[in-house]
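>>> Next one to model:
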Amino acid sequence: MSSDDSHDRPRQPARRGFLKAGGAAVAASATLGATLAQSPAQAAEAKHRPAAADPYTAVEPFYAPHQGGIVTPQQAHTYVAAFDLTTTSRDDVIKLLRQWTESAARMTQGQSAEALEGVSEDKPAPDSGDVLGLGPAGLTVTFGFGPGLFMSEGKDRYGLASKRPAALVDLPRFNGDQLLPEKTGGDLYVQACANDAQVAFHAVRQLARQGYGTLRMRWGQAGFLSGPRGQTPRNLMGFKDGTNNPPTADAAAMKEFVWATAADAPWMQGGTYTVVRRIRITLEHWDQMEVGFQEQVFGRRKYSGAPIGKDKEFDTVDLDAQDKDGNPQIPDNSHVRLSNRASNDGAQILRRSYSYNDSTNFYIERWPPWRQETEYDAGLIFVAHQADPRKGFIPINEKLAKFDMMNQFTTHVGSAIFACPPGAKPGSYIGAELFEA
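Numbering: from 1, shown residues only. Below is the predicted model:
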């Protein structure tokens, strides 16, 4: 290698050197396990579950004990958004949630957000009409409430401060966070997932339009997911992610790790706490790394998805296995080891994330050779559901933020937390238990 080459290529840190260094330089990967993966049992179940031959005709129920889009088999596209409320009227918020509930229920069944009959040419259309004829496309719409709904700038705007759950904590600042205000926080959360990108975006667009004068958009993000049915999809780093998710078909596991049960917030019974993080991945840097080093970062084989030292994706992760030199086969600072349940006092979260690609932007990198250039603005919309973030995401991510080898390739630029209440009942609205209790 010439001296010029040495300045142009990203420098790969030695494995042992990085392990000793602690890897605390950049934002954590925060469980970059990016997908709702299926175990062999879940894959077999999915193959026998009736499914629409045409993904555009697939229909997911809206009215149910739990909101859709949480344990629902993951659709191919999402659009997530957060809004800030501008009204000071509690009645305005309830009116909006009623309208949102009715419109979401209609759209998940393939209908327009509002009825089109008797539309006046002198008024704005009740639906933008851009997905007419596309079908429901497996659409789910999930709603969440941020801390600002309960208290904003020291004010209890809607008389809800006493009902804020203890689990709806303000997320701490994690090591390496570079959060942008315009991609962080929010009073209300909307997550639309569908088998078509336009159907997902359309749903959020209609709800935003209905909130005109009551709220304003804080941030929005489109995401995608690709992969054969019944197989664990790959993220933009080329690895299968989400293999060790708790099984969504296991009611006991969902009760333990996902559904909220805290006595201080009975209105959240059957809901979940959702953390959303926007994680930019420096793909240019990652793509120059040798495959063996990438596998050390993840703790898994790139192509099979198997844990290092094993042959198959769903083989048990052996954290005690050693190589011929007596070193851990799965590195101490690998993502798999640090995020594994066995390394976190049994804690688990349900990851349901998507990749994103927002074209390019100009960045100044903080790793050798400290390039300043136009690079991809691409990465992961990390979404994690859990019964209590104080026992799930926060302690897991605090460890990852300090030690994960993946940190040199990832930067957390957006963050939010929401209380997603249980599903709405027909004739009622989302969050009714909070406002009417």
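
>>> wouldn't Trp286 be in contact with Phe298 here?
No: Trp286 is beyond contact range of Phe298, at 11.1 Å (criterion: C-beta atoms under 8 Å). Placement of C-beta: from N, CA and C, glycine included.

>>> shared neighbours, the two?
Shared contacts of Trp286 and Phe298 (C-beta atoms under 8 Å, 6 or more residues apart in numbering): Met237.

>>> Among the two, which residue is more densely surrounded?
Comparing Trp286 with Phe298 by other C-beta atoms under 10 Å, the one with more neighbours is Phe298, at 26 against 18.

>>> Contacts only, for the more buried one.
Going by C-beta under 8 Å, 6+ apart, the list of residues near Phe298 reads Met237, Phe239, Ser334, His335, Val336, Met406.

>>> Which of these fall within helices?
Members of those lying in helices (criterion: DSSP state H): His335, Val336.

>>> Would you mind checking the contacts of Phe298 for buried ones?
Met237, Phe239, Ser334, His335, Val336, Met406 (16 or more other C-beta atoms under 10 Å).

>>> can I get these in JSON lines with distance to Ser304 and pLDDT?
Shown next, in JSON lines, are the buried ones among the contacts of Phe298 (distance: C-beta to C-beta, whole Å; pLDDT from 0 to 100):
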{"residue": "Met237", "distance to Ser304": "15", "pLDDT": "96"}
{"residue": "Phe239", "distance to Ser304": "10", "pLDDT": "93"}
{"residue": "Ser334", "distance to Ser304": "16", "pLDDT": "94"}
{"residue": "His335", "distance to Ser304": "16", "pLDDT": "94"}
{"residue": "Val336", "distance to Ser304": "14", "pLDDT": "93"}
{"residue": "Met406", "distance to Ser304": "19", "pLDDT": "96"}
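
>>> Mind listing what's buried along stretch 278-296?
278-286, 289, 294-296.

>>> again but with stretch 223-240, I slipped
In terms of neighbour count (16+ other C-beta under 10 Å), stretch 223-240 has its buried residues at Gly223, Phe224, Leu225, Thr232, Pro233, Arg234, Asn235, Leu236, Met237, Phe239, Lys240.

>>> how far out from the middle of the chain is that stretch?
Distance of stretch 223-240 from the chain centroid (C-alpha atoms, centre = their mean, to the nearest Å) equals 14 Å.

>>> now do stretch 395-408
Distance of stretch 395-408 from its chain centroid, counting by C-alpha atoms, centre = their mean, is 17 Å.

>>> and it, which residues are buried?
Neighbour-count burial for stretch 395-408 [16+ other C-beta under 10 Å]: Ile396, Asn397, Leu400, Ala401, Lys402, Phe403, Asp404, Met405, Met406, Asn407, Gln408.

>>> Please report phi then psi for Thr272.
Backbone geometry at Thr272, expressed as degrees, to the nearest 10, gives phi -150, psi 160.

>>> That one and Phe62: what is the separation?
Separation of Thr272 from Phe62 (C-beta to C-beta, to the nearest Å): 17 Å.

>>> of the two, who's got more company?
Thr272 (29 against 22).

>>> Verify the stated contact: that one with Ile417.
No: in this structure Thr272 lies outside contact range of Ile417 using C-beta under 8 Å: 11.4 Å.

>>> secondary structure element for Gln221?
Element membership for Gln221 (DSSP states H and E) is strand 215-224.

>>> that older thread, show me the buried residues of stretch 278-296 that map onto strands.
Arg278, Ile279, Arg280, Ile281 (DSSP state E).

>>> what's around Arg209, how many residues?
Neighbour count for Arg209, taken as other C-beta under 10 Å: 15.

>>> Name the nearest residue to it, ignoring sequence neighbours.
Of all residues not flanking Arg209 in the chain, Ser128 sits nearest, at 7.5 Å (C-beta to C-beta, 6 or more residues apart in numbering).

>>> which residues sit in contact with that neighbour?
His202, Arg205, Gln206, Arg209.

>>> and the helix or strand hosting the third one, what does it pack onto?
Okay, so that is Gln206. Assigned by DSSP H and E, Gln206 falls within helix 197-210. For helix 197-210, the packing partners by 3 or more C-beta pairs under 8 Å, 6 or more residues apart in numbering; DSSP states H and E come out as strand 77-85, helix 90-108, strand 188-194, strand 215-224.

>>> Buried ones in it, by neighbour count?
Buried-residue list, helix 197-210, by 16+ other C-beta under 10 Å: Ala197, Val199, Ala200, Phe201, His202, Ala203, Val204, Arg205, Gln206, Leu207, Ala208, Gln210.

>>> what's the average pLDDT for it?
Averaging pLDDT along helix 197-210 yields 98.

>>> and the residue nearest the centre of the chain, what element?
Closest to where the C-alpha atoms of the chain average out (C-alpha atoms, centre = their mean) is Val383, at 1.5 Å. Element membership of Val383, judged by DSSP H and E, is strand 372-386.

>>> what's the closest of the contacts of Phe298 to Gln99?
Met237 (40.4 Å; C-beta to C-beta).

>>> so what pLDDT did the closest residue to that closest one other than its chain neighbours get?
Closest residue in space to Met237, ignoring its immediate chain neighbours: Trp286 at 5.8 Å, by C-beta to C-beta, 6+ apart. pLDDT for Trp286: 95.

>>> pLDDT below threshold where in the stretch 51-200 of the chain?
Along the stretch 51-200 of the chain, the parts satisfying pLDDT under 70 run over 51-52.

>>> same thing but at 90, please
Scanning the stretch 51-200 of the chain for pLDDT under 90 picks out 51-54, 117-123.

>>> Met217: neighbouring residues, count only.
13.

>>> Which residues are in contact with it?
For Met217, counting by C-beta under 8 Å, 6+ apart, the contacting residues are Ala81, Ala82, Phe83, Ala208.
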